[in-house]
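Visitor: Could you work out the structure for the sequence below:
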Amino acid sequence: MADLELQLVARRIRSFPDFPIPGVLFRDISPVLKDPDSFRASINLLAQHLKNAHGGKMDYIAGIDSRGFLFGPSLAQALGLGCVLIRKRGKLPGPTVSTSYALEYGKAELEIQRDALEPGQKVVVVDDLLATGGTMHAACELLGQLQAEVLECVSLVELTSLKGRERLGPVPFFSLLQYE
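Guide: The predicted model follows:
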């Protein structure tokens, strides 16, 4: 069953050469979201992995702005958990903590509400895609500021040639689909 679900998800990933710049092969997840069966399969597969890896020892799913928000709440619901948001700077009300990180073309910042998590709570970070790992690494740092324990990071797609999982250091990483 899992193999059939994975094939269903994989068939919905589109590739666009030379987008957003020449030399880049863009992996588009939009068809996964458009097709309820393939989206459901992606959530089921991620949830099953997390149940197998962590059992009932997770407290929250943390979705990264913005496409992690598409998977985070559904994954959290499938696991019977809540979802916390890691947003781009200036998008959250109330007291926040933030971290900055380097992009290929500059710098960016992520924030989380100061009261989103209690020290020691166990969190899984989710995003749609892992490329260079900068955003996911920054999300882990941010959760560390709140003294949360990051159990694992997960994504739908991983671009292996960019070696993003290496940026995560000791934090385990799982992806449904891997591309060069």
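
Visitor: burial measure for Glu141, as a count.
Guide: Using other Cβ atoms under 10 Å as the criterion, Glu141 is surrounded by 15 other residues. Where you see a C-beta, it was placed from the backbone N, CA and C, and this is true even at glycine.

Visitor: residue contacts, it?
Guide: Counting by Cβ atoms under 8 Å, 6 or more residues apart in numbering, Glu141 touches 99, 101.

Visitor: shaky segments in this protein?
Guide: 104 (pLDDT under 70).

Visitor: quick one: secondary structure of the nearest residue to Arg11 once chain neighbours are set aside?
Guide: Using Cβ to Cβ, 6 or more residues apart in numbering and skipping residues adjacent in sequence, the residue nearest Arg11 is Ser38, 7.5 Å away. When classified by DSSP: H, G, I helix; E, B strand; the rest coil, Ser38 comes out as helix.

Visitor: Tell me how many other residues crowd Ser38.
Guide: For Ser38, the neighbour count with other Cβ under 10 Å is 21.

Visitor: What of Gly164?
Guide: 23.

Visitor: May I see the buried residues of whichever strand or helix holds Ser74?
Guide: Secondary structure from DSSP states H and E places Ser74 in helix 68-79. By neighbour count with 16 or more other Cβ atoms under 10 Å, helix 68-79 contains the buried residues 68-76, 78-79.

Visitor: just the residues you listed now: which is nearest Glu5?
Guide: For those, the minimum distance to Glu5 (Cβ to Cβ) is 13.1 Å, reached by Ala78.

Visitor: Please verify my assumption that that closest one contacts Ala41.
Guide: No: with contact defined as Cβ atoms under 8 Å, Ala78 does not reach Ala41; the gap is 11.6 Å.

Visitor: The longest strand seen in the chain versus helix 68-79: what angle between them?
Guide: In the chain, taking DSSP state E as the definition, the longest strand is strand 149-159. Orientation of strand 149-159 against helix 68-79 (axes from the mean of the first three to the mean of the last three Cα atoms, to 10 degrees) gives an angle of 120 degrees.

Visitor: and strand 149-159, C-alpha only, in PDB?
Guide: Provided in PDB are the C-alpha atoms of strand 149-159 (Å, rounded to 0.1, in the frame of the first residue of the first chain):
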ATOM      1  CA  GLU A 149      13.500  19.300  21.400                       C
ATOM      2  CA  VAL A 150      13.500  18.800  17.600                       C
ATOM      3  CA  LEU A 151      12.900  15.100  17.100                       C
ATOM      4  CA  GLU A 152      13.100  15.200  13.300                       C
ATOM      5  CA  CYS A 153      12.600  17.300  10.200                       C
ATOM      6  CA  VAL A 154      10.500  16.000   7.300                       C
ATOM      7  CA  SER A 155       9.600  17.200   3.800                       C
ATOM      8  CA  LEU A 156       7.800  16.000   0.800                       C
ATOM      9  CA  VAL A 157      10.700  16.500  -1.600                       C
ATOM     10  CA  GLU A 158      14.500  16.600  -1.100                       C
ATOM     11  CA  LEU A 159      17.000  17.900  -3.600                       C
END
